[in-house]
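Q: Generate a structure from the sequence data that follows.
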Amino acid sequence: MPGSSDVQQQLPAIDGWFTTGDDGKTHLIAGKCTQCGTYVFPPRATNCPNPACVGDDLEQVPLSRRGTLWSYTENQYAPPPPYPSPDPFEPFAVAAVELAAEGIIVLGKVVEGTLAADLKVGMEMELTTMPLYTDEDGFVRTVYAWEIAE
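A: Sure, this is the predicted structure:
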């Protein structure tokens with residue numbers, strides 16, 4: 001159970017996908033092939049995703065925090081369990097953000113309050129976190145999310 005203060009402790013909804021650095025900023029964690037340098041997200045420790053590579057070891061590395069909006073959509077239907085959807089369900093934007101330095105595209109929710117109509121392909125996006133749900137022990141479970149960069 002969280003401490004008795006009014007501030008609820010936040011924990012990731014999925015361990016190992018992102019971390020908060022000493023600078024207080026969120027960074028996604030990726031697997032990077034030690035042989036060819038290919039990145040993969042969500043992270044994993046083995047099996048390079050590059051079909052031209054026989055590498056099997058992937059090191060865990062932080063990804064860029066900013067990227068370019070490659071595509072987007074609006075989710076109009078509540079995701080099925082085990083995804084914890086609010087009741088009543090509210091549509092939300094989903095963004096595919098290209099991280100040019102790593103050469104990958106990362107899909108994720110867009111922060112609440114941002115509609116698909118607010119997004120335009122090519123705009124700069126920045127990584128953040130947002131609450132997803134509060135678990136049975138009272139911990140706020142967070143996920144990574146994209147927001148329009150300032």
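Q: mind checking which helix or strand the nearest residue to residue 114 once chain neighbours are set aside is in?
A: Spatial nearest neighbour of residue 114, chain neighbours left out: residue 93 (5.5 Å); criterion: C-beta to C-beta, 6 or more residues apart in numbering. To be clear about C-beta, it is placed using only N, CA and C from the backbone, and glycine gets the same treatment. Per DSSP states H and E: residue 93 is located in strand 92-99.
Q: Note down every partner strand of that strand and its orientation.
A: Based on DSSP bridges, the pairing partners of strand 92-99 within the sheet are strand 66-75 (antiparallel), strand 104-109 (antiparallel).
Q: and the ones you listed, which is most packed in?
A: Compared across the strands paired with strand 92-99, strand 104-109 shows the largest average neighbour count, a mean of 18 (mean count of other C-beta atoms under 10 Å).
Q: Dump it to CSV, keeping only the CA atoms.
A: The C-alpha coordinates for strand 104-109 follow below in CSV (Å, rounded to 0.1, in the frame of the first residue of the first chain):
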residue,chain,number,x,y,z
ILE,A,104,12.6,3.1,-35.8
ILE,A,105,8.9,4.2,-35.4
VAL,A,106,7.4,3.9,-31.9
LEU,A,107,3.6,3.6,-31.5
GLY,A,108,2.0,5.1,-28.4
LYS,A,109,-0.9,6.9,-26.9
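Q: CA atoms of the helix or strand following it as CSV?
A: Using DSSP H and E, the next helix or strand after strand 104-109 towards the C-terminus is strand 124-134. Extracted as CSV, the C-alpha positions of strand 124-134 are listed here (Å, rounded to 0.1, in the frame of the first residue of the first chain):
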residue,chain,number,x,y,z
GLU,A,124,7.7,17.3,-33.5
MET,A,125,6.6,15.0,-30.7
GLU,A,126,8.2,14.5,-27.3
LEU,A,127,8.0,11.5,-24.8
THR,A,128,6.3,11.8,-21.5
THR,A,129,4.3,9.6,-19.2
MET,A,130,0.6,9.6,-18.2
PRO,A,131,-1.5,7.7,-15.7
LEU,A,132,-3.3,4.6,-17.1
TYR,A,133,-5.1,3.3,-14.0
THR,A,134,-4.9,2.9,-10.2
